[in-house]
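S.K.: mind folding the following:
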Amino acid sequence: MTGMLLLIVVLVVAAVAFFWVVGGYNRLVALRNRFKNAFAQIDVQLKRRYDLIPNLVETARAYMKHEKETLESVIAARNQAVKMEGLAAKMPDDAGAIRNLMAAEGALTGAMGRLLAVMEAYPDLKANQNMMQLSEELTSTENKIAFARQAYNDSVMNYNTAREVFPTVLIAGMFNFHEAMLFEIEKPAEREAVQVKF
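M.R.: Okay, here's the model as predicted:
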């Protein structure tokens, strides 16, 4: 009888431990999928931004014939950002991919800022209807990127918090749930959104 009672206690404890591990694992999977989905929303807006930039540069090129270097630096930064975004989109849980995307985005923001500063000297360009429409779309997209970034960072924070608290940290360690990277802007000058004004 005592042996049977001991066996029942051991089975109950094993069942509780099993369901605890399964529950913790499933929670971490759900949180990881949420931040991956949140990154997909950033991905959509970044692609929209990347599609707008060549149109903006082509429109500006007709007016800014002496600013070839500025225009080329924007396109080069955009192409690098597209490449890094593609890698990050495949692996949003890879901190290195997110870090590389943040660096490329910072370079693109800087190049766009320089382009917009130079464009101020061209009143005909500022009055161009196509340029005004592109600028409005770019401003709207920048705002959407900021909101998507915030949602992503909130999801990453929830995931990282869940994987770091005890006892879930034990499950995270057993099943290789790695820390997710926040999508932050590292240089203070890059924290300002690209301001498109005409």
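
S.K.: what about residue 63, which helix or strand?
M.R.: Element membership for residue 63 (DSSP states H and E) is empty, with no helix or strand holding it.

S.K.: repeat that for residue 182.
M.R.: Taking DSSP H and E as the definition, residue 182 sits outside all helices and strands.

S.K.: so who does it touch?
M.R.: Residues near residue 182 by CB atoms under 8 Å, 6 or more residues apart in numbering: 153, 156, 157. C-beta: built from backbone N, CA, C; applies to glycine.

S.K.: which neighbouring elements make contact with the helix ranked longest in the chain?
M.R.: Using DSSP state H, we find that the single longest helix of the chain is helix 2-61. Contact analysis of helix 2-61 by 3 or more CB pairs under 8 Å, 6 or more residues apart in numbering; DSSP states H and E lists helix 68-90, helix 95-119, helix 129-164, helix 168-174 as its packing neighbours.

S.K.: wouldn't residue 78 be in contact with residue 53 here?
M.R.: Yes: counting by CB atoms under 8 Å, residue 78 touches residue 53, with 4.8 Å between them.

S.K.: circling back to that earlier point, for residue 172, state which of the contacts of residue 182 is nearest.
M.R.: Closest approach to residue 172 among the contacts of residue 182 (CB to CB): residue 156, at 14.2 Å.

S.K.: could you check how far the closest one is from residue 179?
M.R.: Between residue 156 and residue 179 the distance is 9 Å, computed by CB to CB, to the nearest Å.

S.K.: please say which of these two ends up with more neighbours.
M.R.: residue 156 (25 against 13; other CB atoms under 10 Å).

S.K.: ok, that one - contacts?
M.R.: Residue 156 makes contact with 35, 38, 180, 181, 182, 183, according to CB under 8 Å, 6+ apart.

S.K.: recalculate using a threshold of 10 Å.
M.R.: Taking CB atoms under 10 Å, 6 or more residues apart in numbering as the definition of contact, the neighbours of residue 156 are 31-32, 34-36, 38-39, 92-93, 98, 179-183.

S.K.: cool, and residue 67?
M.R.: With CB under 10 Å, 6+ apart as the criterion, the residues that contact residue 67 are 60, 61, 73, 74, 114, 115, 118, 119, 121, 122.
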